[in-house]
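# sequence and computational prediction follow.
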Amino acid sequence: MFQLVLLSNQQHIDVGNLLLSAELMGLPKDIPISVQQTCLIGGKQTGSRLITLTVGDSIVRVVPTRGMAVLDVVRRDKTGKDVRFGWDSPVKDVVHPSFINQEASGGIGWLDGFNEMVVRCGYQWAGHPGQDGDEFLTLHGRIQNTPADEVILDVEQVPPYRVTLRGRVDEKRFKFTNFELQTVLSLTPDEPYLLVEDTLTNKGSYPREYQAIYHNNFAQPILEKGAQLHVPIAELSPFNDYAAGGLGDWNQMPAPTKDFDEMVFNIRPLSDEKGFSHALLHNANASYGIEVSYQTDTLPVLTVWKNTDTLEQGYVVGIEPGTSFAYNRSYQRNLGLVPTIEAGESKHFVVRFGLLTDEDQIKNSVTNIAQLQSTQTAKVLSTPIVRLGEA
Amino acid sequence: MFQLVLLSNQQHIDVGNLLLSAELMGLPKDIPISVQQTCLIGGKQTGSRLITLTVGDSIVRVVPTRGMAVLDVVRRDKTGKDVRFGWDSPVKDVVHPSFINQEASGGIGWLDGFNEMVVRCGYQWAGHPGQDGDEFLTLHGRIQNTPADEVILDVEQVPPYRVTLRGRVDEKRFKFTNFELQTVLSLTPDEPYLLVEDTLTNKGSYPREYQAIYHNNFAQPILEKGAQLHVPIAELSPFNDYAAGGLGDWNQMPAPTKDFDEMVFNIRPLSDEKGFSHALLHNANASYGIEVSYQTDTLPVLTVWKNTDTLEQGYVVGIEPGTSFAYNRSYQRNLGLVPTIEAGESKHFVVRFGLLTDEDQIKNSVTNIAQLQSTQTAKVLSTPIVRLGEA
Amino acid sequence: MFQLVLLSNQQHIDVGNLLLSAELMGLPKDIPISVQQTCLIGGKQTGSRLITLTVGDSIVRVVPTRGMAVLDVVRRDKTGKDVRFGWDSPVKDVVHPSFINQEASGGIGWLDGFNEMVVRCGYQWAGHPGQDGDEFLTLHGRIQNTPADEVILDVEQVPPYRVTLRGRVDEKRFKFTNFELQTVLSLTPDEPYLLVEDTLTNKGSYPREYQAIYHNNFAQPILEKGAQLHVPIAELSPFNDYAAGGLGDWNQMPAPTKDFDEMVFNIRPLSDEKGFSHALLHNANASYGIEVSYQTDTLPVLTVWKNTDTLEQGYVVGIEPGTSFAYNRSYQRNLGLVPTIEAGESKHFVVRFGLLTDEDQIKNSVTNIAQLQSTQTAKVLSTPIVRLGEA
């Protein structure tokens, strides 16, 4: 096993700019693995780091300074064409947390840095900003604007040459929160999968409420007019009245559409015998797709964020497994979607991204999801389960 | 043309401490131009940068990390004496934005870093903090606490050897704001002018309100007892009741005065055939002066900020062309002072600073302004145009 | 005198990682003094600095980037065992101020970085968050999240080889605050004392209210079941109703206790002929103790913060001399605990920490405090002096 500590308070290691070839990692020369770290500069990304993992046909960019977010993935298809998984936010900088004030403008400062493919929301809370009892909650919690520590790369030196990148992200406030998140991201040269396995531990002495939403975002070339979303559904409901008007074609994607803004759909998904559910977004001719698979014991619900506005505004669809929907926490206790983590307890969140660039993979995924759905008819509610303003 | 990229995310260039002589820039040895960049240290200026342009008799200090602010200018007069344009704020550090929390203490955290000669207020909003409908606006907007990117120096290698410093400052928030500001600052060895030409572009798909105030601040040796302000006025009004009491000698400057605090005057200025208006502040014997010239199509109003309190508190006068007065945005829609920038549109702001160190220059400027005024009698309102508290 | 400037804006000096032996400081080789500075890395401590002073049997760790806080002290006792003065907060990082948003969650963001032995609260305000007239005050003021400048080490080259570390911390806001704090920390190889001498100067032209609390925090091995606090008391009162229930054994320390949370006691202390009061916390068998001595002219009151909850939550007792108690400022004007500092005035705060590791020292301290108490009977109020909610 090749191991490189990229950042460690404990070991007092801070690797800056770095480029590692397969050979330097003790791998056979022809194994297509390389690792790069770049210290970003300019504007609000001063202080940010970017780790680029090239593993087989996939290039994954991870932002350790933003809670180990995945900025994007590019995967080469069999014709040699690069397919990008991620999206184009108007926010171009990889914004360093020191420039983010989440309290800004009524708690939406989080939006100043929002541009990644995998964005963790949580873990004290997730969801929309607003008052919850005595507490004012800012949009989507604090984890994404927290720099990681103990960032460690492991590369197996024998097949399947799994590449693993870990990082610890602390969410701590004296008396209130004592959470540690161990993030683990891995992939192999031979498989079209990116695996995220996170462990949240409550290091405090008291049980605490928590929430998590994996805000995974995708755009062109997968998202386009005619792109389609497949989800095995127990129950589907519109997030609000605006989304209620879009229930008819909620899983059909339009071209970039001025004034579309966003429609959000709440889903209670069906899962397979292994405890996983799967959501697939594929392009119009079903040649490219992203399959988001997730363990439903800890991530029981799915938010679909259909933000098919113009390209300049950020044409994007979110496929977001979570403990909770995107409502402010105050609305979700009644829905049973504000779980508790006991003192010393750990919660595991597993999300696997299928980076599908071939029609057969997509057919299989469609079939798989259809089969799950075949066991049960989707219940579709025509009105929101939450009346906003009535917490 | 000599070009040096000082900071560029795109080109991955970050020049740190730097000292460039004329020769190193390929200029004839006797051309009095040099450029320095310093990485500041200590206290809240850790992370700040300072660029010093020495061009002929002028030394201009620019802060790229604070939105390309001009910290101050020193210009040698013909007797060899240095005249400073700028002021002495109690805030001595060039504060890095990561130490500023604009939401602090009811939205006045901006004041923790306020000490420059040219301070941009904007561009989503400018003016006093407070609620505007659903939005809470912090004092004077966010641009000044945003570090620039793509900071580029150009020096012409032939007369007039114009030195140009550009920097891009982004003001972005997903769904809300997609502004890019291109700042351009230039001067030549032979002329007593510093030219600021900014271009604001709305990169989003929707029209947005915007505001800009160029908060230009000046003190000794220009500001002193007997210093005088000349402004060609269509309409003058006091900002509030306190300023109403100072209308009689609004343009006559007192010595530093305990408990003076600030009087603010709103001016709708007259402009010349080229679309420029000019405001001149000169010292008691009219030997030194600052002339602020600005294009009134995009900067139609002028705020005069007479803050002639004690030296320790910051004895200073602001000459501030803007889209708007200093009121909270909520008051200014009725005044027609909250313009809109269309999707894809650019707005240009031109402000020229005349760094006058000789009596003839000042006489000319006084004459010029008097001539503008001669076409029209200034209308003076004795009461504020806005009743504060009644948005 | 050996002098080393570790950080200075004025002299443009920024020493990074550093290790200085006695010899390098021009001291006789056998003098047990050494100095280290470490640039911290990882998570939210990126940008933080740590200065370690080894002076005789004491090792003091100071955080210049957090207002010259003392992280902790370790002192070797005569048997060679290390005794730690300080505590174990759930917050492990030495958090850099750029990651702190004091406005967060109703003004308690300060808690995100709270883990030192000596934490300064002030100086515009200290105490609990909340509205005070027009101003919203965040928890315990801003000084602790302000990086120092002009950090200078002095080491005497003759007995008693006093080691002094100074740092200036500015608290400035245009129009509102123009405070400069000169912190001075010193110790000698032969004495078990750490001396903190701070000078607050109002550089502005107007008198200002100010507050200071030296939030000194201690835990194991001094704090344990049976540990005892000795304080010479003029008046003792419970901070709130919960503390009122703990008056009976307010100075007896329990083992870490689940659900204890915190009890806070307000003390108006007695002082000796030199104007000092002394508070002693010693362990169960009175072999280790911390003696906090402080000048009561500027620090007239003492807060005892009995936070003997579980180890994971932060088992800790605070011995906190101050201008004021821990209530929001709005409650303290009526108590006469919101002093004013005149324009140009300086206030001196002296706190001496006795790092007691031997029974005789502790006996002496107990005797000394008992003697002070013998002159006057402690007045114990059974109900709080402030009715919370009634500012």
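On my side now, so go ahead. Computed from a predicted structure; not experimentally measured.
# per-residue pLDDT of the closest residue to A:Ile341 other than its chain neighbours, please?
Sequence neighbours aside, A:Asn202 is the residue nearest to A:Ile341 in space, at 4.5 Å (criterion: Cβ to Cβ, 6 or more residues apart in numbering or on different chains). Using the backbone N, CA and C atoms, a C-beta is placed for each residue, glycine as well. In this model, A:Asn202 is scored at 98, pLDDT.
# so A:Asn202 touches A:Asn178, yeah?
Yes. Between A:Asn202 and A:Asn178 there is a contact under Cβ atoms under 8 Å: 6.6 Å.
# can you pull out the helices in chain A?
A:104-107, A:241-244, A:329-332, A:359-374 (DSSP state H).
# and those, which is most packed in?
For the helices of chain A, average neighbour numbers computed from mean count of other Cβ atoms under 10 Å in any protein chain shown are highest in helix A:329-332, which has a mean of 24.
# show the average pLDDT along that helix.
97.
# which other residues reach it?
By Cβ atoms under 8 Å, 6 or more residues apart in numbering or on different chains, the residues outside helix A:329-332 that reach it are A:125-127, A:130-133, A:137, A:209, A:211, A:324-325, A:338, A:386, A:388, A:391.
# which of those residues fall in strands?
Secondary structure assignment by DSSP state E places A:Gly130, A:Gln131, A:Asp132, A:Leu137, A:Glu209, A:Gln211 of the contacts of helix A:329-332 in strands.
# drop anything exposed from the residues you listed.
Among the ones in strands among the contacts of helix A:329-332, those scoring as buried are A:Gly130, A:Asp132, A:Leu137, A:Glu209, A:Gln211 (criterion: 16 or more other Cβ atoms under 10 Å in any protein chain shown).
# wait, A:Glu359 touches A:Asn283, no?
No. Counting by Cβ under 8 Å, A:Asn283 is not a contact partner of A:Glu359; they are 10.6 Å apart.
# and for the residue nearest the centre of chain A, nearest residue in space, chain neighbours not counted?
When Cα atoms, centre = their mean is applied to chain A, the residue found nearest the centroid is A:Val118 (3.0 Å). Excluding the flanking residues, the one nearest A:Val118 by Cβ to Cβ, 6+ apart is A:Val70, at 3.7 Å.
# how deep is the one you found tucked in, by neighbour count?
25 (other Cβ atoms under 10 Å in any protein chain shown).
# quick one: it from chain C, how far?
19 Å (Cβ to the nearest Cβ, to the nearest Å).
# hmm, that residue is touching A:Ser58, no?
No. Applying Cβ under 8 Å as the test, A:Val70 and A:Ser58 come out as separate, 11.1 Å apart.
# who touches both of these two?
A:Leu194.
# write out the residues of chain A neighbouring chain C.
Residues of chain A found near chain C (Cβ under 8 Å from any Cβ of the partner chain) are A:7-10, A:12-14, A:47, A:97-98, A:101-103, A:134-136, A:138, A:146-150, A:168-170, A:172-176, A:178, A:203-206, A:343.
# next up, the contacts around the residue in the stretch 151-300 of chain A that chain B sits nearest to.
Nearest residue of the stretch 151-300 of chain A to chain B, counting by Cβ to the nearest Cβ: A:Lys258, 6.2 Å away. Going by Cβ under 8 Å, 6+ apart, A:Lys258 touches A:Asp309, A:Thr310, B:Ser205.
# one more time with 10 Å
Going by Cβ atoms under 10 Å, 6 or more residues apart in numbering or on different chains, A:Lys258 touches A:Asp309, A:Thr310, A:Glu312, A:Gln313, B:Ser205, B:Tyr206, B:Ala343.
# what's across from A:Asp14 in the sheet?
A:Asp14 has these beta-bridge partners by DSSP bridges: A:Leu7.
# surely it touches A:Val151?
Yes. Counting by Cβ atoms under 10 Å, A:Asp14 does reach A:Val151; the two are 9.5 Å apart.
# ok, A:Val155 touching A:Gln3?
Yes. Contact criterion Cβ under 10 Å: A:Val155 and A:Gln3 qualify, at 7.8 Å.
# who has more neighbours, the two?
Comparing A:Val155 with A:Gln3 by other Cβ under 10 Å, the one with more neighbours is A:Val155, at 23 against 10.
# how close does that one sit to A:Gln11?
Counting by Cβ to Cβ, to the nearest Å, the gap from A:Val155 to A:Gln11 is 18 Å.
# quick one: the residue of the stretch 101-250 of chain A found nearest chain B from C:Glu342, how far?
Proximity of the stretch 101-250 of chain A to chain B (Cβ to the nearest Cβ) peaks at A:Leu111, 4.2 Å away. Between A:Leu111 and C:Glu342 the computed distance is 45 Å (Cβ to Cβ).
# those two: which is more packed in?
More crowded of A:Leu111 and C:Glu342, by other Cβ under 10 Å: A:Leu111, with 22 against 12.
# contacts only, for the more buried one.
Per Cβ under 10 Å, 6+ apart, neighbours of A:Leu111: A:89-91, A:100, A:102, A:104-105, A:139-140, B:172-177.
# isn't the residue nearest to the centre of chain A right up against A:Val196?
Yes. Between A:Val118 and A:Val196 there is a contact under Cβ under 10 Å: 6.6 Å.
# joint contacts of those two?
With Cβ under 10 Å, 6+ apart, A:Val118 and A:Val196 have common neighbours A:Met68, A:Val70, A:Thr183, A:Leu185, A:Tyr214, A:Asn216, A:Val351, A:Phe353.
# that older thread, joint contacts of A:Glu359 and A:Asn283?
A:Gly289.
# related to what we said a few turns ago, quick one: which two of the buried ones among the ones in strands among the contacts of helix A:329-332 are the most distant?
Checked with Cβ to Cβ, these reach their widest spread between A:Gly130 and A:Glu209, with 15.6 Å between them.
# would you list every one of the strands in the stretch 101-250 of chain A?
A:118-123, A:130-132, A:135-137, A:149-155, A:163-173, A:177-187, A:193-202, A:208-209, A:211-218, A:228-230, A:233-238 (DSSP state E, counting those that start in this stretch).
# any idea how far A:Gly133 is from A:Glu191?
For A:Glu191, the distance to A:Gly133 - Cβ to Cβ - is 45 Å.
# higher neighbour count, these two?
Each of A:Glu191 and A:Gly133 has its neighbours counted (other Cβ under 10 Å); A:Glu191 has more, 16 against 9.
# test my guess that the more buried one contacts A:Pro159.
No. If you go by Cβ under 10 Å, A:Glu191 and A:Pro159 don't touch, sitting 11.7 Å apart.
# now the terminal residues of stretch A:135-150, how far apart.
End-to-end distance for stretch A:135-150: 31 Å, by Cα to Cα, to the nearest Å.
# burial measure for the nearest residue to A:Ala284 once chain neighbours are set aside, as a count.
Distances taken as Cβ to Cβ, 6+ apart place A:Gly226 nearest to A:Ala284, at 3.1 Å, with adjacent residues excluded. A total of 13 residues lie near A:Gly226 under the criterion other Cβ under 10 Å.
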